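Novice: One predicted model, sequence on top.
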Amino acid sequence: MRIHNLYADPDGETHFRDIEVECADARPWGNLSKSLPTGGMMFVEAAGSAFADWHPAPCRQYVIVLSGEVEVTASDGERRAFKAGDVVLVEDTTGKGHLTRMSGDGLHRAAFVPAD
């Protein structure tokens, strides 16, 4: 399963890349990854017009978009739009960070799952 990854390089510049979550167990109904260590979960709800200026992530975390759309800009200028079902491993806890802009008229909902 491919997911998005937002990370900071040694100079503090943030970038996107795609990473693969490997299948550890093939089941008749689908593939299952190994258990990933996490440290709880938070839900976020924001208006469709919400905007967060440059900020690093507070911790290494998975962001799972539940509804709405969000555009994230890395400090290198690359922008990616995420919609319901997208998963992003956010690791840019140092450096300039990223911009986050909600889009659309409805509520944006996401689950933040800190990764240990």
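Specialist: Here it is on my side, so go on. Residues are numbered from 1 along each chain as shown.
Novice: The residue positioned nearest the centre of the chain sits in which helix or strand?
Specialist: Closest residue to the average C-alpha location of the chain: Val88 at 2.7 Å, with Cα atoms, centre = their mean. Per DSSP states H and E: Val88 is located in strand 87-90.
Novice: That strand packs against which elements?
Specialist: Under the contact definition 3 or more Cβ pairs under 8 Å, 6 or more residues apart in numbering; DSSP states H and E, strand 87-90 sits against strand 2-8, strand 61-67. Any C-beta I mention is one placed from the backbone N, CA and C, and that applies to glycine too.
Novice: OK, contacts around Ala84?
Specialist: Val65, Leu66, Ser67, Gly68 (Cβ atoms under 8 Å, 6 or more residues apart in numbering).
Novice: ok, now Val21?
Specialist: Val21 makes contacts with Met1, Arg2, Ile3, Ser33, Leu36, as judged by Cβ under 8 Å, 6+ apart.
Novice: now the residue nearest to the centre of the chain: how far from Phe82?
Specialist: For Val88, the distance to Phe82 (Cβ to Cβ, to the nearest Å) stands at 6 Å.
Novice: Can you tell me which helices and strands the helix or strand of the chain with the lowest mean pLDDT packs against?
Specialist: Between all helices and strands in the chain, the lowest mean by mean pLDDT, DSSP states H and E belongs to strand 23-27, at a mean of 88. With contacts taken as 3+ Cβ pairs under 8 Å, 6+ apart, strand 23-27 sits against strand 30-33.
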